[in-house]
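**Student:** here are the coordinates; sequence isn't available:
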Ligand SMILES: NC(=O)C1=CN([C@@H]2O[C@H](COP(=O)(O)OP(=O)(O)OC[C@H]3O[C@@H](n4cnc5c(N)ncnc54)[C@H](O)[C@@H]3O)[C@@H](O)[C@H]2O)C=CC1
Ligand SMILES: O=C(O)[C@@H](O)C(=O)[C@H](O)[C@@H](O)CO
């Protein structure tokens, strides 16, 4: 399979869809078919895609991609899917939407089309509930922004055809050698990346709510320690090193009591009910600290992300 033969249909062109379009455009021979229910879809694409293209196709305008036929903007899902080899959705994070979408797409798409969902946490097996052929769908969970963040969590259901998993991994490795598809062996709530992220987020909210540390200082602690460490060595490799000659076994033997003490003391947080009073405080602290993010800040952070990747790839 060559990534160069693909007709890629993207359903849902919001935060993730626009960035995913830029990622797919890295393949100079692919054609990208865009569909969204918003009435201003063409203006939306013209307004937002250029910022993502700068890092993918420098000097290329969205208008030229549209006039050359590399980007096709569709007003119906039927025409958007009619010649697709890949159909990827970035629609609302809502299981009813995704179930009904895949049942519809399955009935209109070519039999050879690959089906991918960009969901943050709705398992493939839930999304296929109303499909005839449950082996076709695969979760391809990106991290925002997908045109820069390398990870793609490939999360099959027990019914997903292994060929679909192999195709997706090969596709993304070909389209962008810097991108990193990782196959998750078993469906679990939140997959892996978000479970790790949300475990840290829970404790971060607890520490701010308990007034142990400010929002700004907690972020500084992350960016001055775990962030750079884990960007270059990951969790287990870092602690394997931390254990000295005895490696990870030595680390656990040396710090078992301390780690267990912290594990026993970690915050238990609830998003709803009587124990959710922390939310307003932590939200207000974050808003006072950072305010709304701007496009300029986003671009600055994207450049820093790319710098981190340059360092990572120079330290294989
Ligand atoms: N925002 C993030 O950081 C990440 C989001 N995701 C996932 O990506 C998906 C999209 O998230 P966002 O881009 O943040 O949402 P968003 O709200 O920015 O975009 C959703 C888009 O879907 C469109 N839409 C709604 N109904 C539709 C329909 N029936 N047909 C076609 N398009 C329709 C909307 O008009 C909108 O443009 C979700 O499943 C989310 O969990 C995954 C990774 C990160
Ligand atoms: O963090 C990310 O970019 C992804 O892992 C996500 O899925 C989003 O954070 C999502 O959980 C919130 O929109």
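**Tutor:** Perfect, thanks for sending it. Remember, it's a predicted structure, so these values are computed and weren't measured experimentally. Ligands and ions are numbered 1, 2, ... in the order given.
**Student:** all contacts plus neighbour counts: C-alpha atoms, from now on.
**Tutor:** OK.
**Student:** ok, residue 179 touching residue 145?
**Tutor:** No. The pair residue 179 and residue 145 fails to qualify as a contact (CA atoms under 8 Å) at a distance of 11.9 Å.
**Student:** Just the closest residue of the stretch 151-300 of the chain to ligand 2, please.
**Tutor:** residue 194 (5.0 Å; CA to the nearest ligand atom).
**Student:** buried stuff in the helix or strand containing that residue?
**Tutor:** Using DSSP states H and E, the element containing residue 194 is helix 193-209. Within helix 193-209, the residues that qualify as buried are 194, 202, 204, 205, 206, 207, 208, 209, counting by 16 or more other CA atoms under 10 Å.
**Student:** Kindly reformat the residues you listed as a markdown table and extend each row with pLDDT and distance to ligand 1.
**Tutor:** Formatted as a markdown table, the buried residues of helix 193-209 follow (pLDDT from 0 to 100; distance: CA to the nearest ligand atom, whole Å):
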| residue | pLDDT | distance to ligand 1 |
| --- | --- | --- |
| 194 | 97 | 9 |
| 202 | 97 | 17 |
| 204 | 98 | 19 |
| 205 | 98 | 19 |
| 206 | 97 | 22 |
| 207 | 98 | 23 |
| 208 | 98 | 23 |
| 209 | 97 | 24 |
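**Student:** possible to save those as CSV with distance to residue 235?
**Tutor:** Listed next are the buried residues of helix 193-209 as CSV, based on distance: CA to CA, whole Å:
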residue, distance to residue 235
194, 15
202, 18
204, 18
205, 21
206, 22
207, 21
208, 24
209, 26
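**Student:** With respect to residue 46, which of these is nearest?
**Tutor:** Within the buried residues of helix 193-209, the smallest distance to residue 46 is 30.9 Å, found for residue 194 (CA to CA).
**Student:** dump the residue contacts of the closest one.
**Tutor:** residue 120 (CA atoms under 8 Å, 6 or more residues apart in numbering).
**Student:** Residue 80 too?
**Tutor:** Going by CA under 8 Å, 6+ apart, residue 80 touches 9, 33, 34, 35, 73, 74.
**Student:** which ones among the residues you listed come in contact with ligand 1?
**Tutor:** residue 35 (CA under 6 Å from any ligand atom).
**Student:** Give me the subset of the contacts of residue 80 lying in strands.
**Tutor:** 9, 33, 34, 35, 73, 74 (DSSP state E).
**Student:** The fifth one - nearest residue in space that isn't next to it in sequence?
**Tutor:** In space, and not counting its chain neighbours, residue 73 is closest to residue 34: 4.8 Å by CA to CA, 6 or more residues apart in numbering.
**Student:** Does the one you found touch residue 7 like I think?
**Tutor:** No. Counting by CA under 8 Å, residue 34 does not reach residue 7; the two are 10.7 Å apart.
**Student:** quick one: which of the two has more around it?
**Tutor:** Neighbours per residue (other CA atoms under 10 Å) separate residue 34 from residue 7, with residue 34 holding more: 27 against 24.
**Student:** So the more buried one versus residue 102, what's the distance?
**Tutor:** In this view, residue 34 and residue 102 are 16 Å apart by CA to CA, to the nearest Å.
**Student:** now do residue 64
**Tutor:** To residue 102, residue 64 is 31 Å away according to CA to CA.
**Student:** Got the domain ranges for the protein?
**Tutor:** 7-183, 195-314 (automatic domain parsing).
**Student:** Now do the first one: distance to the chain's middle.
**Tutor:** Think domain 7-183. Centroid separation between domain 7-183 and its chain, computed with CA atoms, centre = their mean, to the nearest Å, is 12 Å.
**Student:** Is any residue of it near ligand 2?
**Tutor:** Yes. On the criterion CA under 6 Å from any ligand atom, domain 7-183 is in touch with ligand 2 at 120, 143, 144.
**Student:** that older thread, what sits opposite the residue nearest to residue 73 in the beta ladder?
**Tutor:** Assessed by DSSP bridges, residue 34 has beta-bridge partners residue 10, residue 73.
**Student:** what ranges do the helices span in the stretch 201-316 of the chain?
**Tutor:** 215-223, 226-233, 235-242, 247-265, 278-290, 295-314 (DSSP state H, counting those that start in this stretch).
**Student:** so the fourth one versus helix 235-242, what angle?
**Tutor:** Put plainly, it is helix 247-265. Taking axes from the mean of the first three to the mean of the last three CA atoms, to 10 degrees, helix 247-265 and helix 235-242 form an angle of 110 degrees between their directions.
**Student:** which strands and helices sit next to helix 247-265?
**Tutor:** Packed against helix 247-265 by the contact rule (3 or more CA pairs under 8 Å, 6 or more residues apart in numbering; DSSP states H and E) you find helix 235-242.
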